[in-house]
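what shape does this take:
(chains A, B, C and D)
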Number of protein chains: 2
Amino acid sequence: MKISTKGRYGLTIMIELAKKHGEGPTSLKTIAQANDLSEHYLEQLIAPLRNAGFVKSIRGAYGGYVLAKGPTEISAGDIIRVLEGPISPVEGIEDEEPAKRALWMRIRDAVKGVLDNTTLEELANHTDDGESDSYMFYI
Amino acid sequence: MKISTKGRYGLTIMIELAKKHGEGPTSLKTIAQANDLSEHYLEQLIAPLRNAGFVKSIRGAYGGYVLAKGPTEISAGDIIRVLEGPISPVEGIEDEEPAKRALWMRIRDAVKGVLDNTTLEELANHTDDGESDSYMFYI
DNA sequence: TCAAATGTCTATCAAATAAGTCAGGATTTT
DNA sequence: AAAATCCTGACTTATTTGATAGACATTTGA
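The predicted structure is shown next:
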């Protein structure tokens, strides 16, 4: 029941690009160093994002990547779907017995609601607005 | 972003037991055959459910398992937590940057809301109440 | 009392997935 | 030409998942 590093690092890349939106390209090297991640691994993740039309690449020295759309036009769900596949808690919901199928569909819709209503703009401009450190993380 | 067969099959076991609640023990063999699953694999799944106090075992011939509490007192979340670990879309939410941490927490709470508010009783007594087959499964 | 049915426990294993690495080529700018 | 960067595919490693096997303990009922 986890989102893998693909989706997580992909979101990291996209948030970094959103922060620099309108300021020219950012290289993967910069992003990898800033977040202590493998540049080569990020290359694998950004390829599908480019193919899906969320980023544009600019080759050559001082090149890098830029968002292909505005940060308000890209949702967290867009990114997760590209890198992790369809948002669904199980493969083959159709085959399940009705009671379980209804449960999976409710979970899927709940997660979808959150992901599709969170834009890159929100994620890039988020200022810590009072979730206390004492908040319980695991429940 | 998937719930594995551990959680799914565990839920299957518990729904079967809930259907037979008050009617004496049900053997894993019965459940395995009815759902076309490996009995040995189900043994591995029911061990943690027994340790967590959700089922009781009755040994010997004509033995099996029974719910240790009423079907209204056990939620889908109880079962998923025992078999899959804490409900959270990422490991180590604490370490994430605030924007992403907030996103993961919103997802976690959404999923938690569904799972903790669905009881075994609902799952066992579910009658197909009009989710049409044309419902889009992947969105 | 004994055989059959069932649960309990431990160990092992194969397949799939996730995560990351490596090597080298192509393109553009300076 | 040299440097920076993107691009591509193959490869490796670790972990998780799903499954199998077998020895053993307990209970029922003939």
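
what stretches of chain A score poorly on pLDDT?
A:128-139 (pLDDT under 70).

change it to 50
Regions of chain A meeting the criterion pLDDT under 50 cover residues A:132-139.

pull the contacting residues for A:H21.
A:66-67, A:70-71, A:124 (CB atoms under 8 Å, 6 or more residues apart in numbering or on different chains). (Glycine included, C-beta is placed from N, CA and C.)

show me these that map onto helices.
In helices, judged by DSSP state H, the following of the contacts of A:H21 are found: A:A124.

put the buried members of the contacts of A:H21 into a ChimeraX selection.
Remark: buried members of the contacts of A:H21, expressed as a ChimeraX selection using 16 or more other CB atoms under 10 Å in any protein chain shown:
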select /A:66,67,71,124
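
where strands are concerned, which of the contacts of A:H21 count?
A:66-67 (DSSP state E).

want to throw the contacts of A:H21 into JSON lines with distance to DNA strand D?
Below are these laid out as JSON lines (distance: CB to the nearest atom of the strand, whole Å):
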{"residue": "A:V66", "distance to DNA strand D": "10"}
{"residue": "A:L67", "distance to DNA strand D": "13"}
{"residue": "A:G70", "distance to DNA strand D": "20"}
{"residue": "A:P71", "distance to DNA strand D": "18"}
{"residue": "A:A124", "distance to DNA strand D": "18"}
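
mind putting the contacts of A:H21 into a markdown table with distance to B:A61?
Output for the contacts of A:H21, formatted as a markdown table (distance: CB to CB, whole Å):
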| residue | distance to B:A61 |
| --- | --- |
| A:V66 | 71 |
| A:L67 | 67 |
| A:G70 | 69 |
| A:P71 | 66 |
| A:A124 | 65 |
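
and which of the contacts of A:H21 is nearest to B:H40?
A:A124 (49.7 Å; CB to CB).

tally of neighbours for the closest residue to the closest one other than its chain neighbours?
Counting by CB to CB, 6 or more residues apart in numbering or on different chains, A:A18 is the residue found nearest to A:A124 once chain neighbours are left out, at 3.8 Å. Applying other CB atoms under 10 Å in any protein chain shown, we find 20 other residues in the vicinity of A:A18.

would you agree A:A18 is in contact with A:T118?
No. Applying CB atoms under 8 Å, one finds A:A18 not in contact with A:T118, separated by 12.0 Å.

on that earlier part again, and the residue nearest to A:A124, which helix or strand is it part of?
helix A:5-19 (DSSP states H and E).

now swap in A:L45 and tell me
Counting by DSSP H and E, A:L45 is part of helix A:39-51.

would you mark the buried spots in that helix?
A:42, A:45-46, A:49.

how about residues contacting that helix?
Applying CB under 8 Å, 6+ apart, the external contacts of helix A:39-51 come out as A:6, A:9-10, A:13-14, A:28-29, A:31-32, A:55-57, A:65, A:79, A:82-83.
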